[in-house]
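S.K.: compute the structure for the input listed below.
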Amino acid sequence: MAPYILKRLLYFLPTLLVISMITFGLSSLVPGDPVTLLMGEEVSPDDTSPDDYALWLKDYRAMASAYNLDKPKFYCSIIPSVYPDTLYKIFPMSNRKRAKSFVHSFGSWASVNSYLQEVERMERKWRKKSPRPPNYTKINSLMNQLNTTTDKEDIQRILQLLTQENSDLAIDDLKSKFAQMATGSRLGLLWPKWVWHGTQNQYHQWLIHLLHGDLGISNVDKRKVSAKIMSALPKTLLLNFFALLVALSFGFLLGVYLSTHENTLMFRFLLSKIYAVLAIPSFWLATLLVVFFTTSDYGAWTNLFPSGGFGYLPKGASIFQKIQIRASHIVLPVLSIAIPIIGVIALQLRRSLVAEMKKTYIKTAILKGISRRRVIWKHGVRNAIFPILTMFSNVLPGLIGGSVAIELIFNISGMGRLLLFSIFSKDWAVVFGILMFSAILTIIGMLLLDILYMRLDPRIRLTKEEFA
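M.R.: Reported below is the predicted structural model:
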């Protein structure tokens with residue numbers, strides 16, 4: 001079995017690599033500036049003094065360098081031939097976006113770069129002008145517009161207004177550079193070029209950190225994503241472990257009963273109730289359990305369980321006290337998750353077991369005098385379980401986000417709640433960290449499924465000869 005497991009793991013490596021590329025690609029498409037998200041603020045030149053803006057820009061570059069955001073995205077890139085190879089070095093990213101828009105509109109990076117440098121020089125000179133003339137505010141507003149717009153007609157209009165204001169700036173030089181930029185050819189946009197960046201790129205550094213268990217930093221509280229996941233994971237695992245234990249236990253018993261008591265009054269009653277339960281959303285079921293079993297509104301006997309949370313464990317509490325506190329808090333959420341799964345398992349097992357009981361080897365075993373109960377449990381259930389195993393191959397990743405509503409209703413700070421709150425707060429580092437973690441759990445679930453198949457079915461032999 002060891003060679004098979006090793007071979008399966010080797011097969012999974014390319015899958016994980018592709019998933020990591022997709023995850024990183026999605027994280028790169030998130031709107032907004034990741035550097036300003038990490039810094040918690042964005043400063044523009046018109047919001048502060050030139051010296052303060054220079055200090056902020058220095059901190060911006062340091063933050064970008066610390067998180068490898070001053071590197072290209074991938075090992076290589078295919079860009080239009082007129083684009084510079086080092087476009088990723090322009091900071092802040094709003095300036096990079098503006099420069100890219102100019103190149104796309106006018107086609108010549110050299111003239112675009114010359115124009116942008118002249119605008120920056122003029123703006124810096126104007127902000128340091130002392131004493132300030134009466135029209136300082138108006139010209140300052142025009143300079144801000146010039147520093148943000150990429151529309152050709154707007155730029156011409158602003159340059160004309162600056163000329164009329166007699167702003168004592170080198171408007172003629174700027175007009176000349178703009179005219180040179182505006183007469184550029186866009187034909188270079190039609191010809192792509194290949195740029196090789198090597199291992200000094202964002203994806204490579206992100207992948208190295210991922211292999212070391214580092215999923216990044218949260219934009220909200222600056223905690224490590226891996227630490228936030230490890231803090232929430234035990235609660236979700238505990239909740240879903242007992243939910244699956246209850247679901248499997250009662251689902252198997254109910255499925256076997258339904259398959260051996262068809263066309264009886266109890267069969268029809270149970271089947272109708274199962275379909276009714278499957279039609280109830282789990283969040284509504286959880287709400288009903290909270291309403292009826294956590295308050296005394298419907299009688300003192302209905303106030304049986306705490307309304308939410310995972311329970312406070314006092315310092316020095318014994319193991320029995322801890323179990324009692326935890327158990328009282330997870331009964332209702334466990335039932336909310338388990339009850340719909342019980343119906344699914346029961347119906348699936350009944351369908352498979354009915355088909356299995358019609359096979360020749362079952363009839364032969366019964367004719368040999370083996371008790372019907374032993375035939376059902378030892379032979380029938382063992383072979384009818386495979387569709388359920390296939391269904392549960394996705395259980396591990398389902399533990400991550402499958403209990404979002406339940407964790408919210410019962411105020412349990414697990415993985416589902418963490419995922420939802422991270423989406424609401426646009427904490428994308430956590431969201432994509434959970435996505436990558438779910439992909440790893442999916443692969444582990446598939447591997448466990450293969451091993452269970454081999455263990456339960458003697459006809460499956462994963463030996464070296466079968467791979468020859």
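S.K.: what sits against Phe293?
M.R.: 302-305, 332 (CB atoms under 8 Å, 6 or more residues apart in numbering). Any C-beta I mention is one placed from the backbone N, CA and C, and that applies to glycine too.
S.K.: wait, Leu215
M.R.: Contacts of Leu215 by CB under 8 Å, 6+ apart are 209, 224-226, 229, 429, 432-433, 436-437.
S.K.: can you find the helix or strand in the protein with the smallest mean pLDDT?
M.R.: helix 395-401 (a mean of 61; mean pLDDT, DSSP states H and E).
S.K.: can you list contacts of the following helix or strand past that one?
M.R.: Sequence-wise, the next helix or strand downstream of helix 395-401 (DSSP states H and E) is helix 404-409. For helix 404-409, contacts defined as CB under 8 Å, 6+ apart pick out 235-236, 239, 282-283, 286-287, 290, 308, 333, 336-337, 412-417, 419-420.
S.K.: most neighbours, which of the contacts of Phe293?
M.R.: With neighbours taken as other CB atoms under 10 Å, the top of the contacts of Phe293 is Leu332, carrying 24 neighbours.
S.K.: surely it is in contact with Gly308?
M.R.: No: between Leu332 and Gly308 there is no contact under CB atoms under 8 Å: 9.2 Å.
S.K.: which residues of the stretch 151-300 of the chain fall in helices?
M.R.: Per DSSP state H, counting those that start in this stretch, the stretch 151-300 of the chain carries helices over the ranges 152-164, 171-182, 202-211, 225-260, 265-278, 282-293.
S.K.: distance to Ser425 and mean pLDDT for those helices - can I get that in JSON lines?
M.R.: As requested, the helices of the stretch 151-300 of the chain are exported to JSON lines (distance: least, CB to CB, whole Å; pLDDT from 0 to 100):
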{"stretch": "helix 152-164", "distance to Ser425": "35", "mean pLDDT": "89"}
{"stretch": "helix 171-182", "distance to Ser425": "41", "mean pLDDT": "89"}
{"stretch": "helix 202-211", "distance to Ser425": "21", "mean pLDDT": "91"}
{"stretch": "helix 225-260", "distance to Ser425": "12", "mean pLDDT": "89"}
{"stretch": "helix 265-278", "distance to Ser425": "34", "mean pLDDT": "91"}
{"stretch": "helix 282-293", "distance to Ser425": "21", "mean pLDDT": "87"}
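S.K.: pick the most deeply packed of the ones you listed.
M.R.: helix 225-260 (a mean of 19; mean count of other CB atoms under 10 Å).
S.K.: can you give the distance of that one from its chain's centre?
M.R.: Taking the mean of its C-alpha atoms, helix 225-260 sits 22 Å from the chain's own mean (CA atoms, centre = their mean, to the nearest Å).
S.K.: what angle separates that helix from helix 265-278?
M.R.: 160 degrees (axes from the mean of the first three to the mean of the last three CA atoms, to 10 degrees).
S.K.: so what secondary structure elements neighbour helix 225-260?
M.R.: helix 265-278, helix 319-357, helix 395-401, helix 404-409, helix 415-424, helix 428-456 (3 or more CB pairs under 8 Å, 6 or more residues apart in numbering; DSSP states H and E).
S.K.: and after the second one, which helix or strand comes next?
M.R.: Using DSSP H and E, the next helix or strand after helix 319-357 towards the C-terminus is helix 360-367.
S.K.: what's downstream of that following helix, the next helix or strand?
M.R.: Next along the chain from helix 360-367, counting by DSSP H and E, comes helix 372-374.
S.K.: same question for that next one, mean pLDDT?
M.R.: Taken as a whole, helix 372-374 has an average pLDDT of 84.
S.K.: what's that helix in contact with?
M.R.: Under the contact criterion CB under 8 Å, 6+ apart, helix 372-374 has outside partners Ile366.
S.K.: give the next helix or strand downstream of it.
M.R.: Heading C-terminal from helix 372-374 (DSSP H and E), you reach helix 381-384.
S.K.: CA atoms only for that next one - export them in CSV, please.
M.R.: Output of helix 381-384 as CSV, limited to C-alpha atoms (Å, rounded to 0.1, in the frame of the first residue of the first chain):
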residue,chain,number,x,y,z
VAL,A,381,-23.8,-3.3,4.3
ARG,A,382,-20.1,-3.7,3.6
ASN,A,383,-20.7,-3.6,-0.1
ALA,A,384,-23.5,-1.1,-0.1
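S.K.: list the contacts of it.
M.R.: With CB under 8 Å, 6+ apart as the criterion, helix 381-384 contacts 252, 256, 349, 352-353, 355-356, 456-457.
S.K.: what do you get if the cut-off is 6 Å, keeping everything else the same?
M.R.: 352-353, 356 (CB atoms under 6 Å, 6 or more residues apart in numbering).
S.K.: TSV for the residues you listed, including neighbour count?
M.R.: Shown next, in TSV, are these (neighbours: other CB atoms under 10 Å):
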residue	neighbour count
Ser352	20
Leu353	23
Glu356	21
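S.K.: residues touching Val112, list them.
M.R.: Contacts of Val112 (CB under 6 Å, 6+ apart): 102-103, 181.
S.K.: in a markdown table, list those residues along with distance to Tyr88.
M.R.: As requested, those are exported to a markdown table (distance: CB to CB, whole Å):
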| residue | distance to Tyr88 |
| --- | --- |
| Phe102 | 16 |
| Val103 | 14 |
| Met181 | 21 |
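S.K.: out of those residues, which one sits closest to Tyr67?
M.R.: Tyr67 lies nearest to Val103 out of the contacts of Val112, by CB to CB, at 26.1 Å.
S.K.: residue contacts, that closest one?
M.R.: Contacts of Val103 (CB under 6 Å, 6+ apart): 82-83, 109, 112.
S.K.: mind redoing it with 10 Å?
M.R.: 79-80, 82-84, 87, 109, 111-113, 181, 184, 186, 188-189 (CB atoms under 10 Å, 6 or more residues apart in numbering).
S.K.: how about Cys76?
M.R.: 194-198, 201.
S.K.: over to Pro314?
M.R.: 321-322, 325.
S.K.: gap between Leu142 and Gln160?
M.R.: 10 Å (CB to CB, to the nearest Å).
S.K.: just give me the neighbour total for the nearest residue to Thr48 once chain neighbours are set aside.
M.R.: Spatial nearest neighbour of Thr48, chain neighbours left out: Trp56 (7.2 Å); criterion: CB to CB, 6 or more residues apart in numbering. A count of neighbours around Trp56, defined by other CB under 10 Å, yields 19.
S.K.: tell me how far Trp56 lies from Asn68.
M.R.: From Trp56 to Asn68 the distance is 20 Å (CB to CB).
S.K.: any idea how the protein splits into domains?
M.R.: 32-211, 225-467 (automatic domain parsing).
S.K.: can you redo these as a markdown table with distance to Leu13?
M.R.: Compiled in a markdown table, these are given as follows (distance: least, CB to CB, whole Å):
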| stretch | distance to Leu13 |
| --- | --- |
| domain 32-211 | 12 |
| domain 225-467 | 10 |
